[in-house]
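Chemist: Here's a sequence, model it:
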Amino acid sequence: MKPMDWMKNNPVMVLLLTGSAIFLFHLEVIPVSIMEARNFITAREMVIDGNWLLTTMNELPRYEKPPLPSWITAIFGWLLGVDNVAALRFPTMLMAIVLGYTAYKLSVKLLNNKLDALISALVLLSSFYIIGITIEAPWDIYTHGFMLIGIYFLYLFLNNTNNQWRNSVLVGIFIGLSLMSKGPISFYGLLLPFLLAYGIVYRYKGFSQDKKLLPTLSLSVIAIVIGMWWFLYVRLADPEAFLAITKKETANWSSYNVRPFYYYWSFFVQSGLWTIPAFVSLLYPYLKNRVKYKQVYKLTFFWTIISVILLSIIPEKKSRYLVPVLIPLALNIGIYLSYLFENFKTKLSTLEKFPVYLHFGIVGLIGIAFPIVAYFILEGNLEHLWGYYIASSIALTSIGILVGIYLKRQQLFLCFLLSISLIAAIKLFAMPLAGAMEKNTEYNSIANLRAFMLEQGTTTYSFGEIAPEMIWDYGSSLPDLKGENTINIPKHESFAVLVAQVEEVEFKRIFGREHTYTVISTFDLNRNAVPGNKSHKNRMVNNLYIVKKQ
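Modeler: You can find the predicted model right below:
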């Protein structure tokens with residue numbers, strides 16, 4: 001049986017195997033990022049301190065983000081260990097696979113072709129920032145994953161007269177779950193662009209107000225109730241902190257990470273491996289009359305462009321905010337790739353073939369060049385990682401050579417499968433090599449300090465805003481002695497204080513009056529950058545003082 005036929009007959013198996021290879025291995029290798037640390041601390045304090053509704057980070061209110069992903073993570077932490085990074089990352093990775101599966105289901109409804117739908121889903125699963133977002137900011141994958149499920153049932157609701165109430169209820173539930181994952185981010189960046197694009201392309205044909213009015217009202221009520229009840233609860237239970245945090249968050253939208261309107265217009269680069277096909281797939285005048293699925297192509301094109309425009313309007317911009325764009329973009333790329341697979345040998349001109357050869361040529365070159373590039377980058381740090389280096393070199397070189405062979409034969413579908421295999425091989429075999437990139441000889445983890453201080457009977461505090469990574473690494477909260485308007489002086493005869501670098505002068509001024517202080521250790525969580533390097537983050541360096549009453 002040809003690979004194409006087997007995949008068409010076993011799409012779910014293909015998605016599970018691909019998703020598992022890309023997302024479910026070596027979950028503990030990459031250091032915990034700042035966003036992960038914040039989320040994991042909140043989940044840990046749910047389990048340890050019972051702060052399930054009035055969520056906290058380092059014992060302070062954290063109401064910036066709704067708690068659904070924290071609840072899911074906390075449950076896995078409760079079952080498998082609150083300090084088990086792999087366990088805490090596992091549900092996030094599962095959600096990424098669910099996102100790919102939902103993209104497949106939606107594509108099947110749009111295209112009525114399982115194989116072409118599978119191509120789009122595989123593009124999504126292997127897109128650079130879809131992979132990256134599961135580590136950089138894991139809560140984003142929940143809000144967009146739940147919203148895409150809601151959009152899937154919304155499409156059924158809009159286009160079928162059967163199961164109207166079931167579909168409307170499910171739409172409301174999953175939109176609500178998206179809101180409970182990260183507020184209105186996905187509503188604005190994913191759902192609203194879909195609704196606008198759907199209106200442009202299909203003009204809501206078949207939407208009878210008489211038949212759909214009540215279900216539409218019902219789904220709206222369900223979405224609002226599920227998505228907003230927690231915010232209302234916190235507003236009533238802790239109004240002062242809630243209003244202060246809301247005011248700060250609102251101000252950030254217009255004053256924090258402000259970027260120009262055009263900042264996102266290289267968005268297709270965030271698809272990583274698929275950058276060139278992504279760019280070509282957006283050449284609407286070129287493709288609109290060539291692709292097989294003309295109306296669906298218009299939908300995914302306008303869905304992508306409208307999402308970029310809406311996100312560009314907001315002054316605050318970050319690369320990870322582009323994730324909702326990558327979802328319709330993957331569907332758009334899939335339609336273009338389907339066109340290539342069917343017409344490359346017979347209908348495309350030399351000029352049209354150039355970006356295809358360039359794309360797959362780069363993929364092959366990456367595989368072939370990997371052993372040499374990796375060796376020179378990691379030379380001297382492979383002592384315990386030779387097995388992974390050899391395995392990844394063999395796998396990636398083999399893939400690179402095969403891409404070259406099949407590209408010469410113009411067998412693009414096999415080149416496509418090898419491209420997906422390249423990403424999977426990197427995650428399976430090359431990911432552990434990240435540990436060989438650690439170069440900072442001053443690196444000093446705070447992970448063992450907590451147990452030592454407990455043995456000594458010494459309570460440890462913080463002074464000033466400590467990096468979330470440091471608090472996570474410590475293993476429990478470090479109560480901040482510096483409040484917004486007050487300084488808390490512990491009554492102990494002796495205690496330890498971890499001091500933020502920007503607060504060193506203030507700390508010494510306050511505790512130099514009636515106390516003595518001695519620095520006993522410096523903790524530096526920068527793994528790759530040495531002090532003095534531009535990449536070395538001062539916020540990841542803190543001094544620990546022992547403070548005693550005079």
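
Chemist: how much space is there between Trp71 and Trp52?
Modeler: 7 Å (Cβ to Cβ, to the nearest Å). All C-beta atoms are positioned from the backbone trio N, CA, C, and that covers glycine.

Chemist: For these two, list the residues in contact with both.
Modeler: Counting by Cβ atoms under 8 Å, 6 or more residues apart in numbering, the shared contacts of Trp71 and Trp52 are Met46.

Chemist: And these two? Which one has more around it.
Modeler: Between Trp71 and Trp52, counted using other Cβ atoms under 10 Å, the more crowded position is Trp71 (16 against 13).

Chemist: right, and the helix or strand after the strand or helix carrying that one?
Modeler: Trp71 is part of helix 68-80 when elements are defined by DSSP states H and E. Remark: after helix 68-80, the chain's next helix or strand is helix 85-111, criterion DSSP H and E.

Chemist: Rounded mean pLDDT for that next one, please.
Modeler: Mean pLDDT, computed over helix 85-111, is 97.

Chemist: Rounded mean pLDDT for the helix or strand following it, please.
Modeler: Next along the chain after helix 85-111, taking DSSP H and E as the criterion, comes helix 114-125. Averaging pLDDT along helix 114-125 gives 97.

Chemist: Report all helices and strands that helix 114-125 contacts.
Modeler: If you count contacts as 3 or more Cβ pairs under 8 Å, 6 or more residues apart in numbering; DSSP states H and E, helix 114-125 packs onto helix 3-9, helix 11-23, helix 85-111, helix 323-343, helix 412-425.

Chemist: Of all these, which one is nearest Ile119?
Modeler: Closest to Ile119 of those is helix 323-343 (Cβ to Cβ; 4.5 Å).

Chemist: Report the backbone C-alpha coordinates of stretch 520-535 in CSV.
Modeler: In CSV, the C-alpha atoms belonging to stretch 520-535 read as follows (Å, rounded to 0.1, in the frame of the first residue of the first chain):
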residue,chain,number,x,y,z
ILE,A,520,26.4,33.6,52.0
SER,A,521,25.7,32.7,48.3
THR,A,522,24.9,34.0,44.9
PHE,A,523,22.4,32.1,42.8
ASP,A,524,22.7,32.4,39.0
LEU,A,525,20.1,30.6,36.8
ASN,A,526,21.6,31.7,33.5
ARG,A,527,22.6,28.4,31.9
ASN,A,528,24.1,29.6,28.6
ALA,A,529,25.3,33.1,29.0
VAL,A,530,28.2,34.1,31.2
PRO,A,531,28.2,37.4,33.2
GLY,A,532,29.0,40.3,31.0
ASN,A,533,27.4,38.7,27.9
LYS,A,534,24.4,40.5,26.4
SER,A,535,22.3,37.4,26.9
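
Chemist: Tell me who's in contact with the residue nearest the centre of the chain.
Modeler: Centroid-nearest residue in the chain, with Cα atoms, centre = their mean: Ile133, separated by 1.7 Å. By Cβ under 8 Å, 6+ apart, the contact set of Ile133 is Asp140, Ile141, Arg320, Val323.

Chemist: want to throw these into CSV with distance to Met540?
Modeler: CSV is the format used below for those (distance: Cβ to Cβ, whole Å):
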residue, distance to Met540
Asp140, 23
Ile141, 25
Arg320, 20
Val323, 25
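
Chemist: Can you tell me which one of these sits lowest on pLDDT?
Modeler: Arg320 (83).

Chemist: Give me the neighbour count for it.
Modeler: With other Cβ under 10 Å as criterion, Arg320 counts 13.
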